[in-house]
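S.K.: All I have is the shape, not the residue letters:
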């Protein structure tokens, strides 16, 4: 699952052009709940519930990194965020996101085609809540993204991430079952070598002032066709960090 394969690149080009093209081609069908990204639509309420429970959404100034067509971005606005900025590098995705937000009357959303690394230079520490969901496993250098996210959230603010664990179970369920057997996602969405262990994520976060607050799994239930939070983090997982620095 991915909101976007992009979102964090700079002059070093921390993005995969092939994935940019692949997801850009899906832009016109991004909001089709029965289309190629139906799993993302199914999981979105669960992700928003987690963010709301862990960090709160109402009244927050939010940044959604790797926003894609704006699914999570709009959810943050609908749940009471004062302002929401969505960033991505795939312009076809952003075009769809802007049109959908305008049609939904969500004037508090702003979309920008910019990398997280570049946004750090322009607006460091500008957001109280930063999200980056289903994106880290799609960039060549996810550690660089995490470092940038840490600089974008204000001291005392919250950062919520999600990705896939690099385990045989994640390969079996996330790729073999998800993309080929159940066809919940387009084939080629994921590359196993880019999956990220929670310990790696924690190691990247600690030196840049991020304190690990929670680690929770997300599990797919085939019989009900839905997702639920789980103590099992061996496939998909959510992470809540808090930025140190405010007493």
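M.R.: Received, thanks. Keep in mind that this is a model prediction, so the values were computed, not measured. Numbers count the residues shown, from 1 in each chain.
S.K.: OK, contacts around the closest residue to residue 171 other than its chain neighbours?
M.R.: Distance criterion C-beta to C-beta, 6 or more residues apart in numbering; nearest residue to residue 171, sequence neighbours excluded, is residue 192 at 5.0 Å. Using the backbone N, CA and C atoms, a C-beta is placed for each residue, glycine as well. By C-beta atoms under 8 Å, 6 or more residues apart in numbering, the contact list for residue 192 reads 166, 170, 171, 175.
S.K.: Am I right that residue 196 sits in a strand?
M.R.: No. Using DSSP: H, G, I helix; E, B strand; the rest coil, the assignment for residue 196 is coil, not a strand.
S.K.: For it, give me phi and psi.
M.R.: phi -130, psi 130 (degrees, to the nearest 10).
S.K.: Return the distance of the residue nearest to residue 171 relative to residue 170.
M.R.: In this view, residue 192 and residue 170 are 8 Å apart by C-beta to C-beta, to the nearest Å.
S.K.: and if you look at residue 45?
M.R.: According to C-beta to C-beta, residue 45 stands 22 Å off from residue 170.
S.K.: Same check on residue 97?
M.R.: According to C-beta to C-beta, residue 97 stands 28 Å off from residue 170.
S.K.: okay, the two: which has more neighbours?
M.R.: Using other C-beta atoms under 10 Å, the more surrounded residue of residue 97 and residue 170 is residue 97, with 27 against 24.
S.K.: Could you double-check that that one lies in contact with residue 70?
M.R.: Yes. Here residue 97 reaches residue 70: they are 3.3 Å apart, a contact under C-beta atoms under 8 Å.
S.K.: Need the residues touching each of those two.
M.R.: Here residue 97 and residue 70 have 30, 86, 111 as joint contacts, going by C-beta under 8 Å, 6+ apart.
S.K.: What segments of this protein are strands?
M.R.: With DSSP state E as the criterion, the chain has strands at 61-65, 83-88, 109-113, 127-133, 153-164, 210-221, 226-230, 236-243.
S.K.: Now do the first one: which elements does it pack against?
M.R.: When you say that, I think you mean strand 61-65. Judged by 3 or more C-beta pairs under 8 Å, 6 or more residues apart in numbering; DSSP states H and E, strand 61-65 is in contact with helix 71-78, strand 83-88, strand 127-133, helix 142-152.
S.K.: Same check on the second one?
M.R.: Of the remaining helices and strands, those touching strand 83-88 by 3+ C-beta pairs under 8 Å, 6+ apart are strand 61-65, helix 71-78, helix 91-103, strand 109-113.
S.K.: Residues contacting the last one, please?
M.R.: Going back to what we said before, that points to strand 109-113. With C-beta under 8 Å, 6+ apart, strand 109-113 has contacts from 67, 70, 73-74, 77, 83-89, 91, 94, 97-98, 101, 119.
S.K.: ok, now with 7 Å
M.R.: Under the contact criterion C-beta atoms under 7 Å, 6 or more residues apart in numbering, strand 109-113 has outside partners 67, 73-74, 77, 84-89, 91, 94, 97-98, 101.
S.K.: go on, the first one?
M.R.: The contact list for strand 61-65 (C-beta under 7 Å, 6+ apart) reads 7-8, 72-73, 76, 81-87, 116, 127-132, 135, 149, 152.
S.K.: can you rerun that using 8 Å?
M.R.: Contact partners of strand 61-65, identified using C-beta under 8 Å, 6+ apart, comprise 3, 7-8, 72-73, 76, 81-87, 116, 119, 126-132, 135, 145, 149, 152-153.
S.K.: Select only the buried ones of these in ChimeraX?
M.R.: Buried subset of the contacts of strand 61-65, written as a ChimeraX selection, criterion 16 or more other C-beta atoms under 10 Å:
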select :3,7,8,72,73,76,81,83,84,85,86,87,116,119,126,127,128,129,130,131,132,135,145,149,152,153
